[in-house]
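Participant: After the sequence you'll find the predicted model.
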Amino acid sequence: QAQLVESGGGLVQPGGSLRLSCTASGFSLDYYAIGWFRQAPGKEREGVACISTSRINTYYADSVKGRFTISRDNAKNTVYLQMNSLKPDDTAVYYCAIGEFRAIVAGVAQIWGQGTLVTVSS
C-alpha cells in the first residue's frame, strides 16, 4: 500500500528549530515532486514548500522564505523540511504530499500523509 508517513513534529520555543521527515513506503519518491503543507486551527490549508524531482526547482511560501528549507534523499525515500527561527504563527499540522510540481504548488496532490503537529510556544 502506497503511503507517506511524517515525523519530527513536537513542541518548540519561539526562535527554535525542528526538522520534519516524510518517508514513503510502497512506492519510490524518485518520480514525484514533493510538497509540505500545513493547516492551523480554524484556517485553510497552506502550501509551505515544494521540491521537484530533479531538486532544481523549489517553491516556498512567502511566510517561510529564508527560514524553512526543503530537501530530499531519494536513496532513503524521504523528504525533509528544516524549520528554523520558528514563530507561534508556524503552529499547525504539517502534511507532506506527492504529485506534479506545479499541481502541488496549486494545492493539488496525489497522495497525502497523515500529518504531524508542530506547536511553537513558550
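Facilitator: Noted; the coordinates are in hand.
Participant: which residues in the chain form helices?
Facilitator: In the chain, the helices defined using DSSP state H lie at 101-105.
Participant: which residues touch the most centrally placed residue in it?
Facilitator: Geometric centre of the chain, nearest residue: residue 36, 2.4 Å, by Cα atoms, centre = their mean. Neighbour list for residue 36: 20, 22, 47-50, 70, 79, 81, 94-97 [criterion: Cβ atoms under 8 Å, 6 or more residues apart in numbering]. Where C-beta positions appear, they are placed from N, C-alpha and C, glycine not excepted.
Participant: go on, residue 80?
Facilitator: If a contact means Cβ under 8 Å, 6+ apart, then residue 80 has 19, 20, 21, 22, 70, 71, 72, 73 as its contacts.
Participant: Can you tell me which of those lies closest to residue 1?
Facilitator: Using Cβ to Cβ, residue 22 is the member of the contacts of residue 80 that sits closest to residue 1, with 16.1 Å.
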